[in-house]
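Participant: My questions are about this predicted structure, shown below with the sequence.
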Amino acid sequence: MQTQNNEQREAPRPSMERVPRVAARLGISVSQVYREIKAGRLGPLVKIGERASALPSVAVDAFIQAKIDAVTKKGGAQC
């Protein structure tokens, strides 16, 4: 017999990604990540320590989705 779970699903916890990890995830250089942040296309950069910064994972996900949307709206590559 299956039990029903009436609890609501929790929203995903906010997470942060350090800049080198973001660069690897996007397939671009660390310098390019900083250029994208400066141009306002990626970010915000959040200080997580005296000498450490990170980007919210949702911002990185949104950047990736925007790139995908830009290609698919132009009639680019299809999967």
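Facilitator: Right, received. Where do you want to start?
Participant: Identify the single longest helix in the chain, thanks.
Facilitator: helix 57-73 (DSSP state H).
Participant: buried stuff in it?
Facilitator: Buried residues in helix 57-73, counted by 16 or more other Cβ atoms under 10 Å: Ser57, Ala59, Val60, Phe63. C-betas here are computed from N, CA, C, even on glycine.
Participant: Columns distance to Arg35 and pLDDT on top of these, output as a markdown table?
Facilitator: Converted to a markdown table, the buried residues of helix 57-73 look like this (distance: Cβ to Cβ, whole Å; pLDDT from 0 to 100):
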| residue | distance to Arg35 | pLDDT |
| --- | --- | --- |
| Ser57 | 20 | 96 |
| Ala59 | 15 | 96 |
| Val60 | 15 | 97 |
| Phe63 | 13 | 97 |
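Participant: out of those, who's nearest Leu42?
Facilitator: Set against Leu42, the nearest of the buried residues of helix 57-73 by Cβ to Cβ is Phe63 (4.9 Å).
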